[in-house]
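1. no sequence on this one, just coordinates:
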């Protein structure tokens, strides 16, 4: 598998596009004026995530499955020119067969974690990875470590650059996993997912993940144990909206320059948390009432922790999950969510009914910042002035699952 | 025994449509093929040892889903990519 692009100009932005039918790249010139599309890679594969390792700007990982074949991860060590499949893709621990039983379908009871004697855990139904949804590089000091999130909600770790993957037992076999995830059955329309794997750049043992459904969870011991982190966020689909877990965070980010500042686009609003507080503050209440504060993605300004962009969707009635009223718009805040501005100059003003999924909005590192989003109708939109003006950079692509804006040159 | 490989798996067999392989049952057959064509097994059989939903296996033109199905040296195995939507 090769890419036609062998040389990238300095300051070029490369958009890594993962779609329902393969992967593409969109490469800019230094001014971000002209864009060239290349691909497809892995045509016909359902590609959920396509990422570059920021630690070496060489290694790329791509998660894929097909309509027939099970999930896997492909790796490239040469910026996408050649690819090799993982030797051991993410998979849940195999059930231990009981005497007289067949191999498949055994319910498996997991041992409780040390110190959790009062909570013996519940039986976990047989589970298999349906697809690898999220890929995240590990801490900068753990150069070959990667994490993957799956559907149903599972966390996996590789220590060899993405070739072999092992389940993170502290999460997948946690005594509360069944309660947190409703035994993996608390599903979104495309299946339950573990996403938003965030590794604290100051301490690789400190991690966050999001589960849809399940909520936000935090570990301070490299994934050995986890605690829910949902206080203040709403789960209005639950009889008790103030539950400890069972929430539906759609996308969570921390600010790269201040990882104590977290933002979350949730099924039930937009939230901000500043650690050491453990309570989410709903900043989406300041969005226009007629638009609401439900959406999938959230993107942060790389240098200003107060500046955030979201892409709201219609969450009324039967939840169409399309642009509200068929009018797409990004909304941005420059004051941590105290106020929001509509940013849609250049976008269609009527009859546009696409959705922007949780992985499909990304920012570059330029000044002014470029913002990019991919749509379920196969269009890639970009702004090179922090959302003031927009133009369509590519169209006629398949349903876009994820967009990652990267730069190969330092 | 002869194993007929569908298009979707021929990237593992260097585009060979028919390969020779052996094993006392389907599970052993897929284990052996995975040794020769690394990664193939997990794409068609999940970690619960279940055939994936859109993969079918025929032994002498009989549809089987039990990986414990016994095999003989003269059996013909056909792996088929079933319908899987758009």
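-> Nice, thanks for sending it over. All values reported here derive from a predicted model rather than from experimental measurement.
2. pLDDT weak spots in the stretch 201-350 of chain A?
-> Residue ranges of the stretch 201-350 of chain A with pLDDT under 70: none are present.
3. show me the helices in it, by range?
-> With DSSP state H, counting those that start in this stretch as the criterion, the stretch 201-350 of chain A has no helices.
4. show me where it has strands.
-> Ranges of strands within the stretch 201-350 of chain A are A:207-212, A:215-219, A:227-228, A:249-255, A:258-266, A:269-274, A:281-282, A:295-300, A:308-312, A:330-333, A:341-343, based on DSSP state E, counting those that start in this stretch.
5. next, the angle from the fifth one to strand A:308-312.
-> Between the axes of strand A:258-266 and strand A:308-312, defined by axes from the mean of the first three to the mean of the last three C-alpha atoms, to 10 degrees, the angle is 10 degrees.
6. what helices and strands are in contact with strand A:258-266?
-> Packing contacts for strand A:258-266, counted by 3 or more C-beta pairs under 8 Å, 6 or more residues apart in numbering or on different chains; DSSP states H and E, involve strand A:249-255, strand A:269-274, strand A:295-300. No exception for glycine: its C-beta is placed from N, CA and C like everyone else's.
7. in the second one, what's buried?
-> Along strand A:269-274, the positions that meet the burial threshold by neighbour count (16 or more other C-beta atoms under 10 Å in any protein chain shown) are A:269, A:270, A:271, A:272, A:273.
8. isn't the second one up against residue A:310?
-> Yes - taking contacts as C-beta atoms under 8 Å, residue A:270 lies within contact range of residue A:310: 6.1 Å.
9. how much space between the residue nearest to residue A:334 when sequence neighbours are not counted and residue A:387?
-> Nearest non-adjacent residue to residue A:334, counting by C-beta to C-beta, 6 or more residues apart in numbering or on different chains: residue A:307, 4.9 Å away. As judged by C-beta to C-beta, to the nearest Å, residue A:307 and residue A:387 stand 9 Å apart.
10. what sits in contact with each of those two?
-> Common contacts of residue A:307 and residue A:387, defined by C-beta atoms under 8 Å, 6 or more residues apart in numbering or on different chains, comprise residue A:332.
11. related to what we said a few turns ago, the residue nearest to residue A:334 contacts residue A:331, doesn't it?
-> No - Residue A:307 is beyond contact range of residue A:331, at 11.9 Å (criterion: C-beta under 8 Å).
12. follow-up on the earlier one: make a markdown table from the buried residues of strand A:269-274 and add distance to chain B to it.
-> What follows is the buried residues of strand A:269-274, written out as a markdown table (distance: C-beta to the nearest C-beta, whole Å):
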| residue | distance to chain B |
| --- | --- |
| A:269 | 34 |
| A:270 | 34 |
| A:271 | 35 |
| A:272 | 38 |
| A:273 | 35 |
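13. and the two most separated of these?
-> Longest distance between any two of these is 12.8 Å, between A:269 and A:273; criterion C-beta to C-beta.
14. for residue 28, the count of nearby residues, please.
-> Just going to use chain A. 25 (other C-beta atoms under 10 Å in any protein chain shown).
15. my question was about chain B
-> Applying other C-beta under 10 Å, we find 16 other residues in the vicinity of residue B:28.
16. am I right that it is in a strand?
-> No - read with DSSP: H, G, I helix; E, B strand; the rest coil, residue B:28 is helix and lies in no strand.
17. report the separation between it and residue B:6.
-> In terms of C-beta to C-beta, residue B:28 sits 20 Å off from residue B:6.
18. one more: residue A:316?
-> Distance from residue A:316 to residue B:6, by C-beta to C-beta: 45 Å.
19. wait, residue B:47 sits on residue A:94?
-> Yes - applying C-beta under 8 Å, one finds residue B:47 in contact with residue A:94, separated by 5.4 Å.
20. who has more neighbours, residue A:307 and residue A:387?
-> When residue A:307 and residue A:387 are compared for neighbours, residue A:387 comes out ahead with 25 against 20, by other C-beta under 10 Å.
21. of residue B:47 and residue A:94, which one has the most company?
-> Neighbour totals were compared for residue B:47 and residue A:94, and residue B:47 leads with 20 against 16 (other C-beta under 10 Å).
22. ok, now how distant is the more buried one from chain A?
-> 4 Å (C-beta to the nearest C-beta, to the nearest Å).
23. local confidence estimate at that residue?
-> For residue B:47, the pLDDT comes out at 95.
24. how much space between it and residue B:23?
-> Taking C-beta to C-beta, one finds residue B:47 at 20 Å from residue B:23.
25. now residue A:230
-> As judged by C-beta to C-beta, residue A:230 and residue B:23 stand 49 Å apart.
26. tell me which of the two has more neighbours.
-> residue A:230 (25 against 17).
27. the more buried one is in contact with residue A:245, isn't it?
-> Yes - applying C-beta under 8 Å, one finds residue A:230 in contact with residue A:245, separated by 5.9 Å.
28. would you list the helices and strands packed on strand A:258-266 in JSON lines and tack on distance to residue A:193?
-> Converted to JSON lines, the helices and strands packed on strand A:258-266 look like this (distance: least, C-beta to C-beta, whole Å):
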{"stretch": "strand A:249-255", "distance to residue A:193": "10"}
{"stretch": "strand A:269-274", "distance to residue A:193": "19"}
{"stretch": "strand A:295-300", "distance to residue A:193": "12"}
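29. using the three-state scheme, assign the residue in chain A that chain B sits nearest to.
-> Of the residues in chain A, the one nearest chain B is residue A:67, at a distance of 3.4 Å by C-beta to the nearest C-beta. Here residue A:67 is recorded as coil under three-state DSSP.
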